[in-house]
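>>> predicted model, plus sequence, below.
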Amino acid sequence: MPNRLHIRPANKLDYEAWIPLWDGYNAFYGRQGETALALNITQTTWMRFLNDNEPVHAFVAEQNGQLVGLVHFIFHRSTTRLNDVCYLQDLFVNQAIRGTGVGRQLIQAVYDAAESAGSTRVYWQTQDSNTAGRALYDKVAKHLGFIVYSHEI
């Protein structure tokens, strides 16, 4: 099948194809040019995905031999549950194929990984202005009304 989509864990050979997706994700959130992530952050993040002792993971969406999407997620303890919860930290799909179900399949892959790990909750955040993303998120999860605060140290 020429358009078959395959969601799978990222591997060390994916780095060069992952970078443009990662850069696109970061650009969406204003991290480009002078505000781009430092290269050592990107390299360290990538190495964490490949380290079985790290709680951070990456899946990629591959179509016709090309990477077209990514999702990164982290398992962590919670004060309100006995099992770890799963934070879906980054989700990005190549703009040329948005709206074709790739994002939904990446989210489902995280749901499946979380269930396999014994987690009972997957959650994430996005900017209020991300209307395209929120249109999908409203179909696959429940918005709980939380507002995110952050303080840089």
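Received it, and whenever you're ready, just let me know what you need. Numbering: from 1, shown residues only.

>>> helices of this structure, start to end?
15-28, 39-49, 102-116, 131-140 (DSSP state H).

>>> tell me which of the ones you listed sits most buried.
helix 102-116 (a mean of 18; mean count of other C-beta atoms under 10 Å). C-beta coordinates here come from the backbone N, C-alpha and C atoms, glycine included.

>>> may I have that helix as PDB, with CA atoms only?
What follows is helix 102-116 as a C-alpha-only set of coordinates in PDB (Å, rounded to 0.1, in the frame of the first residue of the first chain):
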ATOM      1  CA  VAL A 102      -1.800  11.200  11.500                       C
ATOM      2  CA  GLY A 103      -2.100  13.200  14.700                       C
ATOM      3  CA  ARG A 104      -5.000  11.100  15.900                       C
ATOM      4  CA  GLN A 105      -2.900   7.900  15.300                       C
ATOM      5  CA  LEU A 106       0.100   9.300  17.100                       C
ATOM      6  CA  ILE A 107      -2.100  10.200  20.100                       C
ATOM      7  CA  GLN A 108      -3.600   6.700  20.000                       C
ATOM      8  CA  ALA A 109      -0.100   5.200  20.000                       C
ATOM      9  CA  VAL A 110       0.600   7.100  23.200                       C
ATOM     10  CA  TYR A 111      -2.700   5.900  24.700                       C
ATOM     11  CA  ASP A 112      -1.700   2.300  23.800                       C
ATOM     12  CA  ALA A 113       1.800   2.700  25.300                       C
ATOM     13  CA  ALA A 114       0.400   4.200  28.400                       C
ATOM     14  CA  GLU A 115      -2.100   1.400  28.800                       C
ATOM     15  CA  SER A 116       0.700  -1.200  28.300                       C
END
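
>>> please state the offset of that helix from the chain centre?
A distance of 10 Å separates the centroid of the chain from that of helix 102-116, by C-alpha atoms, centre = their mean, to the nearest Å.

>>> helices or strands next to it in the packing?
Identification of packing neighbours for helix 102-116 by 3 or more C-beta pairs under 8 Å, 6 or more residues apart in numbering; DSSP states H and E yields strand 5-9, strand 56-63, strand 66-76, strand 85-93, strand 122-123, helix 131-140.
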